[in-house]
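Q: Here is my input; please provide its structure:
(one chain, ligands or ions: 1)
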Amino acid sequence: MLVFYLLVTYVILQFGWWAYLIYDLNKQILLQKQEIVQLETEHFDAPLLDHGVFTQELDKRFWMVIGEGSIFLLILILGALTIRKTFVKEMALSKMHKNFLLSITHELNSPIASIKLALQTLEKRTLDNEKRNLLVSNALSETSRLASLVDNILLTTKIDDSNFELHTEKIDLSELLQSNLDRSIAPKLSNHHLITKIEKGHFAAVDFLAFASILANLMENAVKYSPEKSTITVSLTSQQNKLIVAVADEGAGISEAEKARIFDKFYRVGNEDTRKTKGTGLGLYITKYLVRAHNGQLIVRDNQPKGTVFEVHINQFQSDATE
Ligand code: ADP
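A: Next up is the predicted model:
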């Protein structure tokens, strides 16, 4: 980056020097013109060109050089800034790609290794029912982690290829949220307390599968980024024709600077070498896309006294009760 700023300073100084040269050249030309006029009159004692006209002409040329030069310089600086921005963006993207490949390799390897170990143990040893059930349930949960990872990768490819279609229908969101929590989420939440505050009878135009994916991603993050035994609160409220689904955790929270970046594809807070949590940086990218596809908004804010709240704002069906 230092090289870039040195280059811009060099160009500005060079521009100043050129402007001075052009101005000086103009001055010389005017002086020569004056001499020619003097020679042509063949009266050596004839007065030189009117001094006022001379300085006026010089002034005009001076401002012409400055005006044209400034526009040229401005275009040059804008061009340089655009190139710099593109370069920085490309660098960040390539770093994120690298991080993604590292984490995806790890993410795919670790459940495969766990499942393999569980199956080998089941094959070789005779275990009592309790141990057997534990191994089977661990292997199943690793399998669903693998499946959700593959789903997220496929969904990202579809989103990037503009190949994703939403199939919305009018749904009782209160019921959908409650049943998703009861059937798919609560059974896996063995290390956290779940509190639900779901207002009944709220309808919205929602894609059934997309909504499940939004909820699963937000819940997975709430679990991953908050300590064991802490509380996760899921709520559904309405506010001025909007429905707000909020997932609040009691984790370490997200700094203001990171809040702006966590929705970027592959972005993960922290360093790949020191990070302890598993992930690919796709969850919030997908979630934000899906919420927007519902004409909604995904908002992140601090929880009180600590933690993070993710809020999904979508339009409410007006005739909740009647339709
Ligand atoms: P992943 O969880 O696979 O890293 P996400 O796209 O879901 O990817 O999240 C991006 C980043 O945002 C995460 O790496 C994490 O640092 C941060 N993040 C997401 N949700 C939370 C949360 N509830 N609390 C704290 N940090 C979070």
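
Q: Surely G279 is in a strand?
A: No. Counting by DSSP: H, G, I helix; E, B strand; the rest coil, G279 is not found in a strand; it is coil.

Q: Now for the nearest residue to it once chain neighbours are set aside, how many residues are close by?
A: Spatial nearest neighbour of G279, excluding adjacent residues (Cβ to Cβ, 6 or more residues apart in numbering): R268 at 5.9 Å. Every C-beta, even on glycine, is put in place using the N, C-alpha and C of the backbone. By other Cβ atoms under 10 Å, the residues close to R268 number 22.

Q: which SS class is R268?
A: Following three-state DSSP, R268 is assigned to coil.

Q: and it, what is it in contact with?
A: R268 is in contact with N99, S103, R275, G279, T280, G281, counting by Cβ atoms under 8 Å, 6 or more residues apart in numbering.

Q: Any of those residues buried? List them.
A: Buried subset of those (neighbour count, 16 or more other Cβ atoms under 10 Å): N99, S103, G279, T280, G281.

Q: Which ones, among these, also lie beside the ligand?
A: G279, T280, G281 (Cβ under 6 Å from any ligand atom).

Q: wait, the second one sits on F266?
A: Yes. Look at T280 against F266 with Cβ atoms under 8 Å: they come within range, at 7.1 Å.

Q: Spit out the residues that contact these two alike.
A: Listed as contacting both T280 and F266 by Cβ under 8 Å, 6+ apart are F100.

Q: ok, which pair from the buried ones among the contacts of R268 is furthest apart?
A: Among these, the pair separated by the greatest distance (Cβ to Cβ) is N99 and G279, at 10.3 Å.

Q: For the ligand, what is the nearest residue in the stretch 51-200 of the chain?
A: Closest residue of the stretch 51-200 of the chain to the ligand, Cβ to the nearest ligand atom: S103 (7.5 Å).

Q: and that residue, what does it touch?
A: R268, E272, K278, G279, T280, G281.

Q: what's the helix or strand for it?
A: Using DSSP states H and E, S103 falls within helix 51-124.

Q: Quick one: list the elements packing against the helix or strand that comes right after that helix.
A: Using DSSP H and E, the helix or strand that directly follows helix 51-124 along the chain is helix 129-160. In terms of contacts (3 or more Cβ pairs under 8 Å, 6 or more residues apart in numbering; DSSP states H and E), helix 129-160 is packed against helix 51-124, helix 208-224, helix 283-293.

Q: List the buried residues of the following helix or strand past helix 129-160.
A: Remark: after helix 129-160, the chain's next helix or strand is strand 169-172, criterion DSSP H and E. Neighbour counts over strand 169-172 (16+ other Cβ under 10 Å) mark I171, D172 as buried.

Q: next one: stretch 145-160
A: In stretch 145-160, counting by 16+ other Cβ under 10 Å, buried: R145, L146, L149, N152, I153, L155, T156, I159.

Q: Surely the third one and K278 touch.
A: No. L149 is not in contact with K278 according to Cβ under 8 Å; the separation is 9.3 Å.

Q: Would you mind listing the residues touching both of those two?
A: By Cβ under 8 Å, 6+ apart, the residues touching both L149 and K278 are E107.

Q: neighbours around V136, how many?
A: The number of residues packed near V136 is 13, by other Cβ under 10 Å.

Q: Which pLDDT value belongs to it?
A: On the pLDDT scale, V136 is placed at 94.

Q: mind listing what it touches?
A: By Cβ under 8 Å, 6+ apart, the contact list for V136 reads A118, L122.

Q: Could you do N221 as well?
A: If you count contacts by Cβ under 8 Å, 6+ apart, N221 has them with D249, G283, L284, F310.

Q: Distance to the ligand, neighbour count and pLDDT added to the residues you listed, as TSV?
A: Formatted as TSV, these follow (distance: Cβ to the nearest ligand atom, whole Å; neighbours: other Cβ atoms under 10 Å; pLDDT from 0 to 100):
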residue	distance to the ligand	neighbour count	pLDDT
D249	5	26	98
G283	3	22	94
L284	3	22	96
F310	7	26	98
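
Q: Output those in CSV; the columns should cover distance to I22.
A: Converted to CSV, these look like this (distance: Cβ to Cβ, whole Å):
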residue, distance to I22
D249, 64
G283, 58
L284, 54
F310, 59
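
Q: Domain map for this protein?
A: 1-164, 169-322 (automatic domain parsing).

Q: Could you tell me the least trusted of these?
A: Note on those: domain 1-164 shows the lowest mean pLDDT, a mean of 83.

Q: Kind regards, and thank you for your time.
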